[in-house]
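Peer 1: Here is the input, now give the coordinates:
(2 chains)
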Protein chains: 2
Amino acid sequence: MTAFRFELLARDPATGGRRGRLHTPHGSVETPCFMPVGTRGTVKAIAQEDLEAIGAEIILGNTYHLLLRPGHELIAGLGGLHRFIAWPHPILTDSGGFQVFSLGGLNRIEEEGVTFRSHLDGSRHQLTPELSIGIQRALGSDIAMAFDDCTPYPATPEQTRASLERTMRWAARSQAAWAAGGGDECGPVLFGIVQGGMDTGLRSEAAARMAAMRFAGYAVGGVSVGEPRELSEAAVAAAVAALPEDKPRYLMGVGTPAELVRYAALGIDMMDCVLPTRNARNGLLFTSAGPLAIKQARYARDPLPPDPRCGCRVCARYSRAYLRHLHLSKEILGAQLQTHHNLWHYLDTMRQVRHAIELGRLRPLIESWPYNRSN
Amino acid sequence: MTAFRFELLARDPATGGRRGRLHTPHGSVETPCFMPVGTRGTVKAIAQEDLEAIGAEIILGNTYHLLLRPGHELIAGLGGLHRFIAWPHPILTDSGGFQVFSLGGLNRIEEEGVTFRSHLDGSRHQLTPELSIGIQRALGSDIAMAFDDCTPYPATPEQTRASLERTMRWAARSQAAWAAGGGDECGPVLFGIVQGGMDTGLRSEAAARMAAMRFAGYAVGGVSVGEPRELSEAAVAAAVAALPEDKPRYLMGVGTPAELVRYAALGIDMMDCVLPTRNARNGLLFTSAGPLAIKQARYARDPLPPDPRCGCRVCARYSRAYLRHLHLSKEILGAQLQTHHNLWHYLDTMRQVRHAIELGRLRPLIESWPYNRSN
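Peer 2: Numbers count the residues shown, from 1 in each chain, chains lettered A, B, ... in the order given. This is a model prediction of the structure:
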């Protein structure tokens, strides 16, 4: 089995942007990359062969969702998550912490872990660093995440500090559990997560302390939790500055295409977000000219493709008028086609980013981005 | 534009089965054929490029649904149904009559036509033979259907006779409206519909009278409306016996794979049904070993494909355990993959039927069919 390795291929001279390649047990990934979110073992409304066709190289799995259904033991019994979902390429799993906080009913955070009720049937569960790592091992994820305490926004300085310290203690327990299961030598690796809220000093401290623990890679968590985007950029920049150059950096849950480009310029290597897939199901299309709400009456007789400058399969064949009809009729095909287009747009954005870094021209790409950062 | 033509290529010596080819303005169709149902301008949960990939050569459009949304005038303004839905291959449209009876609220049947309320917004509409033909012309359908009065089951002899006579009068009006719009010479053609309920004498009479009107093809309607299957076969056989040999015969709304094979042996050339697509969304898979309800607990850890003997893309990649997980999680991908498989199974059944007729071996195919006619 291929050992995990991060190769740094090029740097953009005018920004912090870097061009790299992740080597994982299930193949390599060109970075900076966007990772489609496969919450319950499926990137919603798109088949695995279509993900391959549009160039997705790595997808996410959600520990929380897969724990509740169908259960990690069932998946392990079928040969792991890759075999279960028929995706023989890299998979990153989150630790389940974020979903426990945002979806689990009546959750209680204690030092041991988090007790919560399933959003499916109300059954009671506890998730601890040790269990999260055990589940991620059972799933066979290529990149597992340490169990963390996601700092909410807003948070008082005391809350932010307490959340950071708990995240550090849980990171140590996650790392110990990971080592007990064979450590990084088995092939898959464990990433640490940097918290610290919107306090750049705490972000810097958290990153430095996490770096001292020598993880194979580092995630920046607790961003895109409702804060103004200026605060997130400052927090991310502070964290990145204190992280080692030779390890991959993953910004969790971010963002719009314009944000992907800007965060890549801060030196982020990996990003994920439900926006392209969720917006697709809501009829919101990402295009080279900005966002397009397909339900608008102006598109009722519009024969143009969603994005005339797009090279995707959907834009090659279907019109806005047809997509609008499908959306208003709540037809599944609308969700399918719009998901395909939006993911293509995201993956194409990352291809542009990688190409710009190779040419040393990431700054002009940001400056020429045709719409603002919220799109 | 290619003129419509039906070519009779071969006959099965031991049954009424025939192998043919339909030539339409949008291409040719090998018969006997199954036509996936594209109710609202989409075969639910499958993209047009995937329909092409699995070998669908003709699909259905529903006049009733497209009239209500997005409206036939909008579709005509965008170049017709083929362009609107990006399906450059043959399309058959129904007359709207069946949906008006089954979906339209508070419908009232009068000699002029049917008055009904939209199932979408309650708005009041009238559908007449002339309007149905006008809509089908506007859509640009390759094969249009005469507006008929679908005889319910059960029906008294008087009701059946009255429904048949109305269907004959409406067929004449449909034909006149079609001729006024250019007749069959424009490329697309009009089919007449044989009613007559479960009375074989009336079926025979209806077919003979319809044949005398010299349509380009003939449909058998009013089957699969709740009657025992023995009655439907007798009614279809009676109708077929009175129809001309050199014109295509379309059995509407039928049926299971086993039924497709049996009706092909009666001399039916075209069939359509929502079963493969609707059952797919309900987790019911058609397989070479019979039906498979994916939600059953026995499939929870089953690594086999839905049908190990199937050559479709889904069976090549995904397991029953995964499909069950998708179905229980109500994931769109479950509907997508199961629709793909079921339609492949239907189209593959028709490939087997055509091949068997070419070899003069349709009878053995029926006798070796591995499960009973309800599957």
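Peer 1: neighbours of A:A297, just the number please.
Peer 2: A:A297 is flanked by 7 other residues according to other C-beta atoms under 10 Å in any protein chain shown. To be clear about C-beta, it is placed using only N, CA and C from the backbone, and glycine gets the same treatment.
Peer 1: Quick check: it vs A:L328, distance?
Peer 2: Separation of A:A297 from A:L328 (C-beta to C-beta, to the nearest Å) stands at 10 Å.
Peer 1: between the two, what contacts are shared?
Peer 2: With contacts defined as C-beta atoms under 8 Å, 6 or more residues apart in numbering or on different chains, no residue is shared by A:A297 and A:L328.
Peer 1: Look up the closest residue to the residue most central in space within chain A, ignoring the ones flanking it.
Peer 2: For chain A, A:D272 is the residue whose C-alpha lies nearest the centre (C-alpha atoms, centre = their mean; 2.1 Å). Nearest non-adjacent residue to A:D272, counting by C-beta to C-beta, 6 or more residues apart in numbering or on different chains: A:M35, 4.2 Å away.
Peer 1: show me what contacts that neighbour?
Peer 2: A:M35 makes contact with A:A56, A:I58, A:I59, A:L60, A:L92, A:M270, A:M271, A:D272 under the criterion C-beta under 8 Å, 6+ apart.
Peer 1: do the same with A:I357
Peer 2: Going by C-beta under 8 Å, 6+ apart, A:I357 touches A:A10, A:R11, A:D12, A:G17, A:R18, A:R19, A:P32, A:A264.
Peer 1: Let me know the secondary structure of the last one.
Peer 2: In this case it means A:A264. Following DSSP: H, G, I helix; E, B strand; the rest coil, we place A:A264 in the helix state.
Peer 1: sorry, back to before: list phi and psi for the residue nearest to A:D272.
Peer 2: Torsion angles at A:M35 (phi, psi; degrees, to the nearest 10) stand at phi -110, psi 110.
Peer 1: So it versus A:H26, what's the distance?
Peer 2: Distance, A:M35 to A:H26, by C-beta to C-beta: 13 Å.
Peer 1: Please enumerate residues in contact with the helix or strand hosting A:E49?
Peer 2: In this assignment (DSSP states H and E), A:E49 forms part of helix A:48-53. The list of residues contacting helix A:48-53 from outside it, by C-beta under 8 Å, 6+ apart, reads A:P36, A:V43, A:I59, A:I85, A:A86, A:W87, A:H89, A:R313, A:H340, A:L343, B:R313, B:R317.
Peer 1: cool, and stretch A:309-323?
Peer 2: A:53-54, A:285, A:287-289, A:292, A:294, A:299-308, A:334, A:337-338, A:340-341, A:344-345, A:348, B:41, B:48-49, B:70, B:74, B:78, B:84-86.
Peer 1: Inside strands: which ones of those?
Peer 2: Residues of those located in strands (DSSP state E): A:L285, A:T287, A:L292.
Peer 1: So the first one versus A:G61, what's the distance?
Peer 2: In this view, A:L285 and A:G61 are 26 Å apart by C-beta to C-beta.
Peer 1: again, but for the last one
Peer 2: Here the criterion is C-beta to C-beta. By it, A:L292 lies 30 Å from A:G61.
Peer 1: Neighbour count: the two, which is higher?
Peer 2: A:G61 (26 against 19).
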